[in-house]
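Participant: Provided below for reference: sequence and predicted model.
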Amino acid sequence: MKKILTAIAFAATMFATPSTAFYNQDVGNWAVYGDEGGQETNPACVVEYMWQDGSTFQLIYDLSTRELYIWFRNFEWDIADTIDQFYEMQMIMQGRQGMSSNRATYLLVNKNTIVIPNLNIDAFMVPFMQLRELRMIMPGTIQNAYLDLAGSRMASQSLFRCVEIGDTMDFYEDIGDVPL
């Protein structure tokens, strides 16, 4: 399982800039795109939020494995823990309509990048679309992270359109079989 998630972490870094986009839409402060993938990555639909310092939050739906996961690079972090290890954190989404709080496991990719794999789509997407903020409560002395979810409903709807389009495409036609 560690090899698979390390591969996911590597693949996720490839989505920082879509190689061949089959879908591209800006929705307020969010960018939503579909990437055809390639030899190193699976095709995916991505919801992205980028800060001025280059910190980037990506919610990624892998079209091949049907996995929903987060790739998050926060340049304010300087995490000294062991890379390629899993750690526990708390994700809290809140707003006028309520609150959602869940424990999550993240993989430390490097000192300022984590991957949160295997999100439950129903449990994550509903509050992501309905609530106003996402807080990542990190362990120990690691600085917590905050994401304003304004516009996340429209960005999520665009993600769903991307997935619908992606499901109709044959991504592996020109590159042969890609192992999953």
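Facilitator: That came through, no problem.

Participant: Determine the set of other helices and strands touching the lengthiest helix in the chain.
Facilitator: When the chain is parsed with DSSP state H, its longest helix is helix 152-166. Judged by 3 or more C-beta pairs under 8 Å, 6 or more residues apart in numbering; DSSP states H and E, helix 152-166 is in contact with strand 21-27, strand 30-35, strand 44-50, strand 56-62, helix 121-130. In this view, the C-beta of every residue, glycine as well, is placed from N, C-alpha and C.

Participant: Which strands border the second one, and is each parallel or antiparallel?
Facilitator: Sheet pairing here is set by DSSP bridges, and for strand 30-35 it gives strand 21-27 (antiparallel), strand 44-50 (antiparallel).

Participant: List the buried residues in the last one.
Facilitator: Within strand 44-50, the residues that qualify as buried by neighbour count (16 or more other C-beta atoms under 10 Å) are 44-49.

Participant: Can you lay out these as TSV showing pLDDT and distance to E67?
Facilitator: Listed next are these as TSV, based on pLDDT from 0 to 100; distance: C-beta to C-beta, whole Å:
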residue	pLDDT	distance to E67
A44	97	9
C45	98	12
V46	98	13
V47	98	14
E48	98	17
Y49	98	20
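
Participant: Most widely separated two among those?
Facilitator: A44 and Y49 (16.1 Å; C-beta to C-beta).

Participant: would CSV of the strands paired with strand 30-35 with distance to R153 be doable?
Facilitator: Shown next, in CSV, are the strands paired with strand 30-35 (distance: least, C-beta to C-beta, whole Å):
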stretch, distance to R153
strand 21-27, 9
strand 44-50, 11
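
Participant: could you point out where this structure is predicted with low confidence?
Facilitator: 1-19, 172-180 (pLDDT under 70).

Participant: May I see the buried residues of the longest helix of the chain?
Facilitator: So for helix 152-166, counting by 16+ other C-beta under 10 Å, buried means 152, 155-156, 158-159, 162-163, 166.

Participant: go on, stretch 53-62?
Facilitator: 55-62.

Participant: neighbours of F86, just the number please.
Facilitator: The number of residues packed near F86 is 14, by other C-beta atoms under 10 Å.

Participant: Surely it touches A104?
Facilitator: No. Contact criterion C-beta atoms under 8 Å: F86 and A104 do not qualify, at 10.2 Å.
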